[in-house]
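A.B. asks: need a structure here:
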Amino acid sequence: MLLYLHSTRREALTASETTLTRWSLTTNPATLLTQVSTVPAIFFEHLYDPGGRMHTFGGISCTPDGEFFALQQP
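C.D. replies: Take a look at the predicted model:
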């Protein structure tokens, strides 16, 4: 599970291998705004190195204008 806090809005995005969830942080507890299944696409790839450490490829970022979330695909 990955979490990204938006830099200009009181919002967050959580992502698992199969689901993206957008949250409003203006309330306590956070309010779920939308949830989208990403199946069959995979936005995050998890690989293990020889030492057993997990590495995640792909990620979430904010667009340069600060308006939207962007996904980096592996």
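A.B. asks: what about the chain, any weak spots by pLDDT?
C.D. replies: 40-44, 58-74 (pLDDT under 70).
A.B. asks: quick one, helices of it?
C.D. replies: In the chain, no helices are defined using DSSP state H.
A.B. asks: assess the claim that Trp23 and Pro29 are in contact.
C.D. replies: No: applying C-beta atoms under 8 Å, one finds Trp23 not in contact with Pro29, separated by 9.4 Å. Backbone N, C-alpha and C define where each C-beta goes, glycine included.
A.B. asks: who has more neighbours, those two?
C.D. replies: Neighbours per residue, other C-beta atoms under 10 Å: of Trp23 and Pro29, the larger number sits with Trp23, 21 against 7.
A.B. asks: look up how far Met1 lies from the more buried one.
C.D. replies: Note on Trp23: its distance to Met1, by C-beta to C-beta, to the nearest Å, is 13 Å.
A.B. asks: common neighbours of those two, please.
C.D. replies: Thr14 (C-beta atoms under 8 Å, 6 or more residues apart in numbering).
A.B. asks: so which residues of this structure form strands?
C.D. replies: Taking DSSP state E as the criterion, the chain contains strands spanning 2-5, 11-15, 19-24, 31-37, 45-48, 54-57, 59-62, 69-72.
A.B. asks: what helices and strands are in contact with the fourth one?
C.D. replies: Translated: strand 31-37. Using 3 or more C-beta pairs under 8 Å, 6 or more residues apart in numbering; DSSP states H and E, the elements in contact with strand 31-37 are strand 19-24.
A.B. asks: tell me the angle the strand it packs on makes with strand 31-37.
C.D. replies: 160 degrees (axes from the mean of the first three to the mean of the last three C-alpha atoms, to 10 degrees).
A.B. asks: how far off strand 11-15 does strand 19-24 point, in degrees?
C.D. replies: Put simply, strand 19-24 runs at 170 degrees to strand 11-15, going by the same axes, to 10 degrees.
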